[in-house]
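Student: Just need the structure, nothing else, for what follows:
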Amino acid sequence: LMSPHRIRHSGITTLLEATSGDVRKAQKVSRHAKLDVLYQYDDNRKKGQEVLTNLLADMID
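Tutor: Residues are numbered from 1 along each chain as shown. Purely as a prediction, here's the structure:
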């Protein structure tokens with residue numbers, strides 16, 4: 001389902017990809033007050049949470 005927020009999110013994620021994760025540049029364009037939001041976008045872009053979750057799951061198995 002397409003929405004304005006998803007378009008914005010995709011644009012910011014694409015910008016992070018193009019700048020190798022430069023959250024400061026992305027902050028200027030996105031105007032997010034807190035870098036934490038952009039760190040989360042960047043983590044999602046790099047699938048950091050997924051990698052760590054799978055690592056922990058493998059330890060349990």
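
Student: tell me which element the most centrally placed residue in the chain is part of?
Tutor: In the chain, the centroid-proximal residue (Cα atoms, centre = their mean) is Tyr41; its distance is 1.7 Å. Per DSSP states H and E: Tyr41 is located in helix 35-46.

Student: hey, C-alpha coordinates of that helix in PDB?
Tutor: Output of helix 35-46 as PDB, limited to C-alpha atoms (Å, rounded to 0.1, in the frame of the first residue of the first chain):
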ATOM      1  CA  LEU A  35      19.600  11.400  14.300                       C
ATOM      2  CA  ASP A  36      18.200   8.300  16.100                       C
ATOM      3  CA  VAL A  37      15.500   8.100  13.400                       C
ATOM      4  CA  LEU A  38      18.000   8.200  10.600                       C
ATOM      5  CA  TYR A  39      20.200   5.600  12.400                       C
ATOM      6  CA  GLN A  40      17.100   3.300  12.400                       C
ATOM      7  CA  TYR A  41      16.600   3.900   8.700                       C
ATOM      8  CA  ASP A  42      20.200   3.100   8.100                       C
ATOM      9  CA  ASP A  43      20.100   0.000  10.200                       C
ATOM     10  CA  ASN A  44      17.000  -1.100   8.200                       C
ATOM     11  CA  ARG A  45      18.900  -0.400   5.000                       C
ATOM     12  CA  LYS A  46      21.800  -2.600   6.100                       C
END
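
Student: what residues are up against the residue nearest to the centre of the chain?
Tutor: Contact analysis of Tyr41 by Cβ atoms under 8 Å, 6 or more residues apart in numbering lists 9, 12-13, 16, 26. C-beta coordinates here come from the backbone N, C-alpha and C atoms, glycine included.

Student: wait, which of those residues is closest to Thr53?
Tutor: Thr13 (19.5 Å; Cβ to Cβ).

Student: can you list the residues that contact stretch 3-13?
Tutor: Applying Cβ under 8 Å, 6+ apart, the contact partners of stretch 3-13 are 26, 29-30, 38, 41, 44-45.
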